[in-house]
Structure formats: C-alpha cells, structure tokens
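**Q** A structural model of the following input is requested.
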Amino acid sequence: MPRLTPRLIPALFAFLIASVPLGCSGPRIESDLQIKGAPDWVNEGTAMFRDRKGRLFHGVGSAPPMGDLSLQAETADNRARAELARALTTYLEVVSSDYSAAAGGRSEGSVTRQLEAVTRLNLAGSRIVARWRDKRSGVLYSLAELDLRRVRATVRAMEDMDPGFRAHLQRAGANLFDALVERKNGDGGT
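**A** Prediction:
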C-alpha cells in the first residue's frame, strides 16, 4: 500500500466520513427502499448508530425466492454479514487513518495488514437479530448486528495487534464512531 503523506491523511479521513452510510437512534440512511409494511431496518439499510443498547453496526442483506427456505435464509444472512463487514471495514479505516495521523504515519503499514483479521474475527461474533419476508415478492431480508464493544474486545485480545493501534482504538474508537454518526446526521447527537 502506498504511504500517505501527512497532508493527505486529513483529506482521506474527511472522504471516509462523508462516504459512510450512518444513522442515529436507529439505523437511518438517506435512501429508502419504500417497501410498504417492511420494518424500518429493511427500508433504511446498512448503518452505524447509537441507541440505548450501545454503538452498533447493522448490515442488511436480502435473497430472492430460491425454492429452498434454508438456502434463502443462509444467503440473506451471508449478505447481511457482508454488508456488516463493509461498514466495519470503513470504520476501522477511519480509526487507522486517525491513528496513523497521530503517530506521524509511522505505523500505517503494520496496522493496515491487521484490519482484515479484526474484521474477520468480529464477523464471527456478529449475530443475525431479525429476518423479514416480503409477502408480495418473496424476498427475505436479514439483519446482522455487531456492537462496538465486541470490536474493541477483539482488538484487545489480539496478541499480534500493533500496541499503539490497540491503545488508540480503546481510547478514541468510541469518539470516532460518534463523530461519524454525528457527521452523517448533522444533528450533533442521538
């Protein structure tokens, strides 16, 4: 991966913040599928948000009718986890960029290599918290959820994780999460 100069890091950080679909007090993003009768999470899609349960990542996936209900559920679940991975990866890239900027760009390479392992381990700890079937189309939707506390615990337990990145995620990870949510909402909070 090419090295980022200190001048490019703030621009990359701003780009990543602007490109993440986020919400607050429930998963909210700008687009809406507008499926009548669907739960809010189906219409609003993949998101990061804060609510009374904590700081959450939600991934929404779907699968068309397949003639095999268990295969359809597995496909929708896997797609929801893939969306969860996309949101988590974007978040971790923001944390990594922030850490790299704070460290003067010295440890960017070692941290970048470890982010994939963090995402993979956390997806194993994610859970499917809801499913919904559209009676008209037969499409099945799944909702995967991951709590930021789980992400932080995973990083804390990784022995080969860059110690500076681990400390930075523990110290600044929640604030960066909140900043992403607040930036997207433009409302300054939950």
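**Q** how far does the strand ranked longest in the chain sit from the chain's center?
**A** Ordering each strand of the chain by length in residues (DSSP state E) puts strand 54-63 first. Once both centres are worked out by Cα atoms, centre = their mean, to the nearest Å, strand 54-63 turns out to sit 8 Å from its chain's centre.
**Q** tell me the secondary structure for the residue of the chain most remote from its centre?
**A** Largest separation from the mean C-alpha position in the chain: Gly67, at 31.1 Å (Cα atoms, centre = their mean). At Gly67 the chain is in coil, as set by DSSP: H, G, I helix; E, B strand; the rest coil.
**Q** ok, it - contacts?
**A** The contact partners of Gly67, taken as Cβ atoms under 8 Å, 6 or more residues apart in numbering, number zero. Bear in mind the C-beta positions are built from the backbone N, C-alpha and C, glycine included.
**Q** please report the distance of Asp160 from Val118.
**A** Per Cβ to Cβ, to the nearest Å, Asp160 is found 11 Å from Val118.
**Q** got the contact list for stretch 130-149?
**A** With Cβ under 8 Å, 6+ apart, stretch 130-149 has contacts from 35, 37-39, 41-42, 53-65, 72-73, 76-77, 79-81, 83-84, 88, 122-123, 125-129, 173-174, 177.
**Q** make it 7 Å
**A** 35, 38-39, 41-42, 54-65, 72-73, 76-77, 80-81, 84, 88, 122, 125-129, 173-174, 177 (Cβ atoms under 7 Å, 6 or more residues apart in numbering).
**Q** next one: stretch 158-173 to chain centre, how far?
**A** How far stretch 158-173 lies from its chain's middle: 18 Å, per Cα atoms, centre = their mean.
**Q** swap in stretch 36-49?
**A** 15 Å.
**Q** shaky segments in the chain?
**A** Applying pLDDT under 70 to the chain flags residues 1-32, 105-113, 185-190.
**Q** what segments of it are helices?
**A** 8-19, 40-44, 69-102, 108-124, 148-157, 163-185 (DSSP state H).
**Q** just the buried positions in the longest one, please.
**A** It stands for helix 69-102. Across helix 69-102, burial judged by 16 or more other Cβ atoms under 10 Å covers 72-73, 75-77, 79-81, 83-88, 90-101.
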